[in-house]
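A.B. asks: 3D model of this:
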Amino acid sequence: MRIALLALGLFLAGCANTARNTDIVDSELLRHIEGYAIASCLVLQPEPYLRDQGDAWASVIVQRLQGSLDPLVRLAEVVQRENGHTGMAVMRDEMNPGQDKTLPLMHCFELMDRPSVRDAILDAVAEERSR
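C.D. replies: The predicted structure follows:
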């Protein structure tokens with residue numbers, strides 16, 4: 001009986017460890033895909049520095065994933081469409097009273113939570129996971 005319980009305990013511990021490892025892989029994959037969504041938004045901004053950073057970030061993610069580009073291309077298309085349909089985050093510029101300061105980083109971060117972008121992110125994660 002003790003051996004059976006020990007074997008069951010080892011089996012369950014192995015399952016939990018595998019689940020944790022899967023969670024880590026899935027969270028890293030999700031982070032990469034979300035990062036690609038943000039990078040895709042940054043390349044659409046008017047500031048050259050942000051465009052350059054977005055392009056470089058997206059390139060690193062493509063190299064890390066080493067998968068099909070199709071889900072990422074679809075995600076970038078959704079990001080581009082949503083970027084044109086949402087307003088830019090702004091705040092009052094304290095250094096220049098009466099003027100607004102645009103917040104493109106905040107805009108790109110919040111863009112990934114729009115329903116169509118979130119759906120495209122989850123689709124890309126599912127497709128990448130199934131490879």
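
A.B. asks: do a quick rundown of the strands in this protein.
C.D. replies: 90-92, 100-102 (DSSP state E).

A.B. asks: leaving out the residues flanking it, which one is nearest to G54?
C.D. replies: In space, and not counting its chain neighbours, G54 is closest to L42: 2.8 Å by C-beta to C-beta, 6 or more residues apart in numbering. (Each C-beta comes from the backbone N, C-alpha and C, glycine too.)

A.B. asks: just to check, the one you found is in contact with H107?
C.D. replies: No. L42 sits out of contact with H107 when judged by C-beta atoms under 8 Å, with a separation of 9.6 Å.

A.B. asks: okay, these two: which has more neighbours?
C.D. replies: L42 (24 against 20; other C-beta atoms under 10 Å).

A.B. asks: report the contact partners of that one.
C.D. replies: Neighbour list for L42: L50, R51, Q53, G54, W57, P104, L105, C108 [criterion: C-beta atoms under 8 Å, 6 or more residues apart in numbering].

A.B. asks: swap in 6 Å and give it another go.
C.D. replies: L50, Q53, G54, C108 (C-beta atoms under 6 Å, 6 or more residues apart in numbering).

A.B. asks: what two of these are the furthest from one another?
C.D. replies: Q53 and C108 (10.6 Å; C-beta to C-beta).

A.B. asks: which one of the two is surrounded by more residues?
C.D. replies: C108 (24 against 16).

A.B. asks: centre-most residue in the chain?
C.D. replies: Residue closest to the mean C-alpha point of the chain, counted by C-alpha atoms, centre = their mean, is E34 at 0.4 Å.

A.B. asks: burial count for P71?
C.D. replies: The number of residues packed near P71 is 21, by other C-beta under 10 Å.

A.B. asks: nearest residue to it other than its sequence neighbours?
C.D. replies: Here the residue nearest P71, using C-beta to C-beta, 6+ apart, is A124, at 3.7 Å.

A.B. asks: repeat for Y36
C.D. replies: Nearest residue to Y36, sequence neighbours excluded (C-beta to C-beta, 6+ apart): I61, at 4.8 Å.
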